[in-house]
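A.B. asks: Below are the sequence and a predicted model for it; my questions follow.
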Amino acid sequence: MRLYLDTSVIGALFDTEMPRRVEITRILLNSILEGRHIAIISNVVIEEIEQCPLDNLRGQLLEEIRKIPLQILSEDEECADLLDIYEREGFIRKGARLDLRHLAMATVNGVDAVVSWNFRDIVNIRTRRAVHSVNLRLGFPLVEIVSPEEVIEYET
């Protein structure tokens, strides 16, 4: 599967409060290293990492993405147009525009799934239904929106 990894997946590697999240993320990344999945990120992920206020953590995050064979996508006009439509639909809170950018990028580029640990704004039934509704209406393919745990669950 072609998996779009949002920033929360990379960031989870350094989650000191939830060791299970780190373990699940490592399993997912290992499955990518073993060639079971294709990992995709975008300029949005890079931007978020570069905006990390902690120099040490920023360096660690960048080091981690260098270890993973990744396709890196860049936003284009089609992504911007879809982002505008997602924003008008209002299914994600105003402060979560970056999350909509991830979803638009993944949709336009036809990935199989967006993988995220962000349950508040991305991995939830409200967002799934809204994204599917817009995508169907506009003729885009459906994109699954899942947690890393859902990806590795079917592999074991």
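C.D. replies: Received the coordinates, thanks. Numbering: from 1, shown residues only.

A.B. asks: all strands of this protein, in order?
C.D. replies: Counting by DSSP state E, residue ranges of the strands within the chain are 2-5, 38-42, 70-73, 113-115, 144-146.

A.B. asks: any chance of these in CSV, plus distance to residue 94?
C.D. replies: Every residue, glycine included, has its C-beta placed from N, CA and C. Listed next are the strands of the chain as CSV, based on distance: least, C-beta to C-beta, whole Å:
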stretch, distance to residue 94
strand 2-5, 23
strand 38-42, 21
strand 70-73, 25
strand 113-115, 20
strand 144-146, 20
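
A.B. asks: okay, those in JSON lines with mean neighbour count, distance to residue 106 and mean pLDDT next?
C.D. replies: Listed next are these as JSON lines, based on neighbours: other C-beta atoms under 10 Å; distance: least, C-beta to C-beta, whole Å; pLDDT from 0 to 100:
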{"stretch": "strand 2-5", "mean neighbour count": "24", "distance to residue 106": "4", "mean pLDDT": "98"}
{"stretch": "strand 38-42", "mean neighbour count": "22", "distance to residue 106": "8", "mean pLDDT": "97"}
{"stretch": "strand 70-73", "mean neighbour count": "15", "distance to residue 106": "9", "mean pLDDT": "96"}
{"stretch": "strand 113-115", "mean neighbour count": "25", "distance to residue 106": "5", "mean pLDDT": "98"}
{"stretch": "strand 144-146", "mean neighbour count": "20", "distance to residue 106": "9", "mean pLDDT": "98"}
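
A.B. asks: looking at those strands, which is closest to residue 128?
C.D. replies: Each of the strands of the chain was checked against residue 128 via C-beta to C-beta, and the shortest separation belongs to strand 144-146, namely 5.1 Å.
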